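*Asks:* Sequence and predicted model, in that order:
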Amino acid sequence: MDKDEIHLRRLPAAAPWGPHTDSDFHGVDFLPDSLSEVPDETGMRVNKKYSCLPAEEKGIHIINIRAIEDIGYDQHESTLLNSLSKNPDADCKYGLYFRDGKRKVDYILVYHYKKSSAGRTLTRRAQHNDAGARGAKQDPLPGKGVQMEMGESEPHTDCHEDDKRFRREEYEGNLVEAGLELEHDEDTKIHGVGFVKIHAPWNVLCREAEFLKLKMPTKKMYQINQTHGLLKKINSVLQKITEPIQPKVAEHKPQTVKRLSYPFSREKQHLFDLSDRDSFFDSKTRSTIVYEILKRTTCTKAKYSMGITSLLANGVYSAAYPLHDGDYEGENVEPNDRKLLCEEWASYGVFYKYQPIDLVRKYFGEKIGLYFAWLGVYTQMLIPASIVGIIVFLYGCATVDENIPSMEMCDQRNNITMCPLCDRTCSYWKMSSACATARASHLFDNPATVFFSVFMALWAATFMEHWKRKQMRLNYRWDLTGFEEEEEAVKAHPRAEYEAKVLEKSLRKEHKHKEKHRYFPEEAANKWRQRTDKEKLTWKDRFPAYLTNFVGIIFMVGLTFAIVFGVIIYRISTAAALAISATPSGRSSVRVTVTATAVIINLVVIIFLDEVYGCIARWLTQIEVPKTDKNFEERLIFKAFLLKFVNAYTPIFYVAFFKGRFVGRPGDYVYIFHSFRMEECAPGGCLMELCIQLSIIMLGKQLIQNNLFEIGIPKMKKFIRYMKLKRRRSLDHEEHMKKKQRYEVDYNLEPFSGLTPEYMEMIIQFGFVTLFVASFPLAPLFALLNNIIEIRLDAKKFVTELRRPVAVRAKDIGIWYNILRGIGKLAVIINAFVISFTSDFIPRLVYLYMYSENGTMHGFVNHTLSSFNVSDFQAGTAPNDPMELGYEVQICRYKDYREPPWSENKYDISKDFWAVLAARLAFVIVFQNLVMFMSDFVDWIIPDIPKDISQQIHKEKVLMVEVFMREEQGKLQMLETWKDKDKKKGENCNNHSPRLSLSHSGSLSSCHSYPVDV
């Protein structure tokens, strides 16, 4: 067969003009009967265009084209074979438009195919059976219904590749039936990868916008209520002050008028401003509409229904994504929203500016816009929290020299000898050696800390209320009011895995049913198929997955506890080893060394387990097979948050509430494995160690996991992809020098994996800021500094590193809001226990008001220490070098409330312990209820919907009613006018003479007929 030979085969007259979805002419172009001679030319790009043409066409030729160039066949509806211009890439704006340069590419499907080693393009020829005959026969198996004719140099594709191609052809034919227009491109720089460009014409956009109830702006405009008097002056002053930090985008400017929005309706197109149809539906809306069609369109030849999600999961298509608006950098780049976002949002040089949230929403959709709006509100709210935290820290610095307990601990004249910190190897030590720890503890353990804990609890409540109000303003601006029905309808589409599981269940039942009823009547068989179509997964089907989830989560939580326990063993054993080998001067730094190294180990383990737990949470959710994407996302979030919460906070909970609580006393210590003594808190308490633990984990996690991983891993993946492509292109230098199409550039970007990782890192940070803020007042400051970088980092990632995600409508942040509220409530309880049990705030108050002789804190340190007679040490636990201090020790001190050795009930818990415990519990109850009440009061006093927004929403409803009332009145007036005309013409006809009327019978009928222009 010659390479330029053209094969013609006539279809039956019954075959409609256009693509056959039953046999799916993938890559086959149609020409009318009149085009019998075709120029014999070569070098045509494999570039096909599907279109729906009138069904009245009867005679159709199928043309298998080996190599044809510049065939021009133009029709008023569509162009089947596009003529190539001199610079086709420039005409289509390098992939943003179809080859004709007029139809915009709204979506891209990517697939892999086996490519010939001889040619640069794979020419596929399909021979199809008659569609009418195929309806009476049984559907062929995937991969067997189409026979491929390959050139001599082209290898025979296996059945698996045939099956994929078979499904693609049917699916694309169904897309054409749905009204979409397709164009193929396999002559790309990426070998073995083909692209399907999808365009939604105007009628399809209107139809789907009506189905989805998309609110679109109408011609009616109204004035937004403006503030008056003093508030107007204040707002104008604030606008002038904040003008330098406002982004230079049109969408961010304050608006005085707003277009009335209404769900799109084809019957009411006259209400909408359709002067510019090309921009009426923006690129985000167009891609959303196409994606809804892709999800709804099915491929049924593979014995079961498959949507785009199933086709992607099975590898029929390798990717599906909308295109970015264009390049964001370069000399001759046309202005576009992506470039504007890169300059005014995704740049570290504009870190001090507000985010252009409306432009973000316009480009990425409401769901991503709400995430960045929430992140911006959270970052703004961290500013007052950071200022108050700095003031509290500075107060501690200013009063450290006036703190009597730390002064007593540092006073060398107080000859207080402390009991050994470990058995045998450790000796007695002076309390004054812990002077630095005691002074540092006061920086975070002072009366201002209690105030800061109350402040942060109220701050969390205010932040939640502020966000609800901000969210309502965005809903009004983005026309999302009354969105619940559409949201549920969009998210109710079953996932591919769920459909596959239901299919497997129904096939299994059908097989069992056939085994039992081999001679089953046909009618009953049809009823059985209808019943299996309604099949769904029950709790019995999911029980193994639920059991696996329960056991898996318990195991992971147990693993976290085991790792924390291992770190405790490390601390105890390392402290004992350093005490043996260290010099006398180095023994004073043993505690700091052990604490710092243990925290670093904890940090490394937390970062590693975070990644592991994220993968495990996704796997556990997948085996549950949730029905919808919304259910999948909520279950994944719950599992991932539970595991990561336990992973991040377990070491901190141990230091805050368990360390030093179960150590026993000298002569009767508690041992682990009968050899390791439980570690104690420093004389100044465990709050300083809790502060070190919290600060290192928080800062390290933010620096390494949130920033380095987010920057480094995408860069590394991009570099690996670049090296692979460079290795492939080395064989074709000429092709490598060509400018890439837009869809090729976007294909090399990282796919969008959802907002769950972004939210998760911010929620964990919110926990660090609120849960243990009593021990680390500088946490809001470090969170603020991190978030300033995080916003621009995420923005740069979305604009430059990721494929453009499909825009998803949403009116809130979903389950994350409930998690934030839960953390805020839990923070009140935890801070109450930290203040009362971890810090010395309550013991100081008890001593000041119950035991102090002169109403001061003098003698507090001595009051918190108990005495121990060294002769009561158990055998083999006394220090090996009792004379290390230079004198013989008879009595040593330890921190606890116990009876002295000269008492009748020596070493028993004293009454002071119970008095302090009662005060601690009372403080927890009072603090928790008081702060909870104040938080609920803040929640109640601040309305969820701003007053001006509620007024504007009400005004919109009234205006919309007025518009429809006027429309109805206009219709009634028009009908009355028609009736009057009809009546007058009837009277004029009756006034004619009978003879004249009879002679002009045709005129009589014309009296009652008149043209009506609606």
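*Replies:* Perfect, thanks for sending it. Bear in mind that the values here come from a model prediction, so they are computed numbers and not experimental data.

*Asks:* Counting neighbours, what do you get for K536?
*Replies:* 12 (other Cβ atoms under 10 Å). In this view, the C-beta of every residue, glycine as well, is placed from N, C-alpha and C.

*Asks:* oh sorry, the question was meant for K825
*Replies:* By other Cβ under 10 Å, neighbour count at K825 equals 16.

*Asks:* Next one: it relative to A545, how far apart?
*Replies:* 31 Å (Cβ to Cβ, to the nearest Å).

*Asks:* Likewise for E689?
*Replies:* 42 Å.

*Asks:* out of these two, which sits in the busier spot?
*Replies:* Taking neighbours as other Cβ under 10 Å, E689 and A545 compare with E689 leading, 26 against 16.

*Asks:* Quick check: which element contains the more buried one?
*Replies:* helix 687-700 (DSSP states H and E).

*Asks:* Can you give the distance of that helix from its chain's centre?
*Replies:* 28 Å (Cα atoms, centre = their mean, to the nearest Å).

*Asks:* Which strands and helices lie in contact with it?
*Replies:* On a contact count with 3 or more Cβ pairs under 8 Å, 6 or more residues apart in numbering; DSSP states H and E, helix 687-700 meets helix 435-444, helix 590-624, helix 629-657, helix 756-770, helix 779-796.

*Asks:* what angle do it and helix 779-796 make?
*Replies:* Between the axes of helix 687-700 and helix 779-796, defined by axes from the mean of the first three to the mean of the last three Cα atoms, to 10 degrees, the angle is 10 degrees.

*Asks:* residues making contact with helix 687-700?
*Replies:* Residues from elsewhere that reach helix 687-700, judged by Cβ atoms under 8 Å, 6 or more residues apart in numbering: 437, 440-441, 444-445, 595-596, 599-600, 602-603, 606-607, 648, 651-652, 655-656, 659, 681-682, 765, 768, 772, 775-776, 778-779, 782-783, 834, 838-840.

*Asks:* Tell me the helices and strands packed up against the following helix or strand past that helix.
*Replies:* As assigned by DSSP H and E, the chain's next helix or strand after helix 687-700 is helix 709-729. Counting contacts by 3+ Cβ pairs under 8 Å, 6+ apart, helix 709-729 packs against helix 779-796.

*Asks:* Which residue ranges of the stretch 451-600 of the chain form helices?
*Replies:* Under the criterion DSSP state H, counting those that start in this stretch, the stretch 451-600 of the chain contains helices at 484-491, 496-516, 522-533, 539-581, 590-624.

*Asks:* could you dump these to TSV with mean pLDDT and distance to V316?
*Replies:* Shown next, in TSV, are the helices of the stretch 451-600 of the chain (pLDDT from 0 to 100; distance: least, Cβ to Cβ, whole Å):
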stretch	mean pLDDT	distance to V316
helix 484-491	53	24
helix 496-516	75	11
helix 522-533	48	23
helix 539-581	86	26
helix 590-624	87	20
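
*Asks:* With adjacent residues omitted, what lies nearest to K248?
*Replies:* In this structure, K248 finds its nearest non-sequential neighbour in E344, 5.9 Å apart by Cβ to Cβ, 6 or more residues apart in numbering.

*Asks:* now G614
*Replies:* Using Cβ to Cβ, 6+ apart, the closest residue to G614 is A640 (5.8 Å).

*Asks:* Counting neighbours, which bits of the helix holding E689 end up buried?
*Replies:* Going by neighbour count (16 or more other Cβ atoms under 10 Å), the buried part of helix 687-700 is 687-700.

*Asks:* mean confidence for that helix?
*Replies:* When pLDDT is averaged along helix 687-700, the result is 86.

*Asks:* okay, the angle between that helix and helix 629-657?
*Replies:* Using the same axes, to 10 degrees: helix 687-700 against helix 629-657 is 150 degrees.

*Asks:* State the distance from the residue nearest the centre of the chain to S283.
*Replies:* Centroid-nearest residue in the chain, with Cα atoms, centre = their mean: L755, separated by 1.0 Å. Relative to S283, L755 is positioned 20 Å away (Cβ to Cβ).

*Asks:* burial of the residue nearest to K248, as a residue count?
*Replies:* Neighbour count of E344, defined by other Cβ under 10 Å: 20.

*Asks:* Next, count neighbours for T256.
*Replies:* T256 has 9 neighbours, counted by other Cβ under 10 Å.

*Asks:* Please name the residues that touch it.
*Replies:* Neighbours of T256 in contact, by Cβ under 8 Å, 6+ apart: Q223, I224, Q226.

*Asks:* ok, the first one touching V257?
*Replies:* Yes: here Q223 reaches V257: they are 5.8 Å apart, a contact under Cβ atoms under 8 Å.

*Asks:* Can you give the contact residues for the strand ranked longest in the chain?
*Replies:* In the chain, taking DSSP state E as the definition, the longest strand is strand 215-223. The contact list for strand 215-223 (Cβ under 8 Å, 6+ apart) reads 209, 256-264, 271-273, 280, 479-480, 955-956, 959, 963.

*Asks:* Quick check on the closest residue to E183 other than its chain neighbours: phi, psi?
*Replies:* Of all residues not flanking E183 in the chain, K197 sits nearest, at 4.5 Å (Cβ to Cβ, 6+ apart). Backbone torsions for K197, taken as degrees, to the nearest 10, come to phi -90, psi 130.

*Asks:* One more: F776?
*Replies:* phi -150, psi 80.

*Asks:* Report the contact partners of it.
*Replies:* So F776 contacts F444, L690, C691, L694, S695, M698 (Cβ under 8 Å, 6+ apart).

*Asks:* so how far is S453 from it?
*Replies:* According to Cβ to Cβ, F776 stands 11 Å off from S453.

*Asks:* now E172
*Replies:* From E172 to S453 the distance is 62 Å (Cβ to Cβ).

*Asks:* And for W816, nearest residue in space, chain neighbours not counted?
*Replies:* Y759 (5.2 Å).

*Asks:* Ok, F752 next?
*Replies:* The shortest distance from F752 to any non-neighbouring residue, by Cβ to Cβ, 6+ apart, is to P805 (3.9 Å).

*Asks:* Next: E186.
*Replies:* G194 (4.2 Å).

*Asks:* That neighbour - that's part of a helix, no?
*Replies:* No: counting by DSSP: H, G, I helix; E, B strand; the rest coil, G194 is located in no helix; its state is strand.

*Asks:* Burial check on it, number of neighbours?
*Replies:* 23.

*Asks:* now swap in V605 and tell me
*Replies:* 17.

*Asks:* Against G712, how distant is it?
*Replies:* 20 Å.

*Asks:* so where's the stretch 651-800 of the chain uncertain?
*Replies:* Applying pLDDT under 70 to the stretch 651-800 of the chain flags residues 683-684, 706-707, 725-739.
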